[in-house]
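1. here you go, sequence then predicted model.
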Amino acid sequence: MHMKVQDVMTTDVASVHAGTPFRDIAEVLIARAVGAVPVVDGDGRVLGVVSEADLLHKEEFREQYYREGYRPPLRARLRARLGQEGAARSKAAGETAADLMTSPAVTVTAGTTTVAAARLMDEHGVKRLPVVDAEGRLRGIVSRHDLLKTFVRADGDIEREVRVEILGRSLWADTSRVGVHVHQGVVTLTGRMDRHSAARIAVRMTRRVSGVVDVVDELRWEEDDSPA
């Protein structure tokens, strides 16, 4: 019941090649108003990702590379104290996408659920994921902003899915006395069911529907068959 990446991803994706110069990468980011671009090979396979942060490492270490007496910003000074500046300095010296990119890229397929994609972003601390096919070729990109679309489904669409897919098809129970009301993504289940266990299942399954923000359980039952 969860939405898939293919339902929310962007297919018109800007990309660069390993040999794309620093300046050209920056121009692509500005022109397309994006925070990162995938780096692909000649067959369209994703090699890595170059982000604004990767480009800004030059600014952090401008004093070393441009001798302007520039004091690096706080994030660079903190990274130095933590002993994590090696990779940043390496990228600061980079001139092409191959030098600057983060590789290997964290990717997903179009059939990945949006929930799994969100967890992957959180796990790796990234804001977007290239979408690839079985051969690793670029097919799109999904961002945190795209994933928010799962929470702005129309209330009518959510109600229809709960009524048809859950109450109508998924439960082996009489749901004719169950009412469904949706307001701003919050689903309220009312009415009566034969067994407490079936009512609990209905609530759990409703929570899994894409776009559901919360479930208000007002269901009653004839028989309490839950464990003591």
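-> That came in fine, so what should we check first?

2. show me the strands in the chain, by range?
-> Using DSSP state E, the strands of the chain run over 16-17, 36-40, 46-51, 108-109, 128-132, 138-143, 178-183, 186-195, 214-223.

3. possible to save those strands as JSON lines with mean pLDDT?
-> JSON lines is the format used below for the strands of the chain (pLDDT from 0 to 100):
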{"stretch": "strand 16-17", "mean pLDDT": "96"}
{"stretch": "strand 36-40", "mean pLDDT": "96"}
{"stretch": "strand 46-51", "mean pLDDT": "94"}
{"stretch": "strand 108-109", "mean pLDDT": "96"}
{"stretch": "strand 128-132", "mean pLDDT": "96"}
{"stretch": "strand 138-143", "mean pLDDT": "96"}
{"stretch": "strand 178-183", "mean pLDDT": "96"}
{"stretch": "strand 186-195", "mean pLDDT": "96"}
{"stretch": "strand 214-223", "mean pLDDT": "95"}
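
4. any chance of those in TSV, plus distance to Ile25?
-> Where you see a C-beta, it was placed from the backbone N, CA and C, and this is true even at glycine. Output for the strands of the chain, formatted as TSV (distance: least, Cβ to Cβ, whole Å):
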stretch	distance to Ile25
strand 16-17	6
strand 36-40	7
strand 46-51	6
strand 108-109	23
strand 128-132	15
strand 138-143	16
strand 178-183	44
strand 186-195	43
strand 214-223	42
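
5. pLDDT weak spots in the chain?
-> Where the chain drops to pLDDT under 70, the residues are 1-2, 57-94, 228.

6. how close does the residue most central in space within the chain get to Leu29?
-> Closest to where the C-alpha atoms of the chain average out (Cα atoms, centre = their mean) is Ala118, at 3.9 Å. Applying Cβ to Cβ, to the nearest Å, the value for Ala118 to Leu29 is 24 Å.
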